[in-house]
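**Q** Fold the following and give me the result.
(3 chains)
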Amino acid sequence: MQKALLDDVCWRNRVRKTKYICGCDVSYWPAMKSIKKVRAACAVYKYPELEEIEVAIYTESPKKTFPYVPGYLSFREIPFLLKAIEKLKSPVDLFMVDGQGRAHPRGMGLAVHLGLLLKKPTIGSAKKRLYGAETEVAAKKGSVSYLRDKKGDIIGAKLRTRDNVKPVYVSQGWGVSLERAVEIVLNSCPKYRLPEMIRAAHNNAQINGGKINS
DNA sequence: GCGACAG
DNA sequence: ATCTTGTCGC
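**A** A predicted model of the protein is given here:
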């Protein structure tokens, strides 16, 4: 399915106005075996001011969830993400997800798949590498190095969003150039390692603030 | 066969 | 991903 969907992907930049960016994330409880609750959250932020405009949350107690399998995260999280996204009332120009986009074994990471379904520009911002050859990136905020596939083509970027802090992996989703994606992610990290809208989505998706109870 | 492996 | 606990740097 991922290989087939790749034909519909637009790597060209077709984004002009990015006044409203929505960060998305999903949390599970418990995390490992027999998941009882899943919560997806979306946080719309005004860009580049980074002011929160709206938050939408969707919670469910699914009988069964698609397992986490590296390379197939889309099938596990997209169903929940769509539920939270459809609750949004405010307009969104671009979606940012916590995961890879083009930097994926088949070029079909979560961000790309979601963009195809929504027909909206998307960007993938991940905390760890999934695929691609990487090189060191300078310690200064704003520094970039690139992720390449086996052919040597660039499929993503390793971006330092804070001085001396572990970099984030940025890659194209749908309809956004890598250059633009890197620029947007960097402008969304004024004080923390991760983009503000993703941090907000992550926080709102938390089911038990770090405790085993409730 | 072995190592890697988003969340 | 989630949970726990401790340490290091600005």
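
**Q** When you work out contacts or count neighbours from here on, use the C-alpha atoms and nothing else.
**A** OK.

**Q** Name the surrounding residues that touch the lengthiest helix in chain A.
**A** If you go by DSSP state H, chain A has its longest helix at helix A:73-85. By Cα atoms under 8 Å, 6 or more residues apart in numbering, the residues outside helix A:73-85 that reach it are A:24-26, A:38-42, A:56-58, A:65-68, A:109-110, A:113-114.

**Q** Could you do stretch A:38-54 as well?
**A** By Cα under 8 Å, 6+ apart, stretch A:38-54 touches A:18-29, A:55-62, A:80-81, A:83-85, A:88, A:90, A:92, A:187-188, A:196-198, A:200-202, A:204-207.

**Q** For that stretch, buried residues please.
**A** Neighbour counts using 16 or more other Cα atoms under 10 Å place A:Val38, A:Arg39, A:Ala40, A:Ala41, A:Cys42, A:Ala43, A:Val44, A:Tyr45, A:Lys46, A:Tyr47, A:Leu50, A:Glu52 of stretch A:38-54 among the buried residues.

**Q** pLDDT averaged over it - what is it?
**A** Mean pLDDT, stretch A:38-54: 97.

**Q** now check that stretch, is it near DNA strand B?
**A** No: against DNA strand B, stretch A:38-54 shows no contacts by Cα under 7 Å from any atom of the strand, the least distance being 10.3 Å.

**Q** Quick one: end-to-end distance for that stretch.
**A** 20 Å (Cα to Cα, to the nearest Å).

**Q** now A:Val112: how far from A:Ser171?
**A** Applying Cα to Cα to A:Val112 and A:Ser171 gives a distance of 9 Å.

**Q** tell me, what's touching those two both at once?
**A** What both A:Val112 and A:Ser171 touch, as defined by Cα under 8 Å, 6+ apart, is the set A:Gly101, A:Arg102, A:Ile123, A:Gly124.
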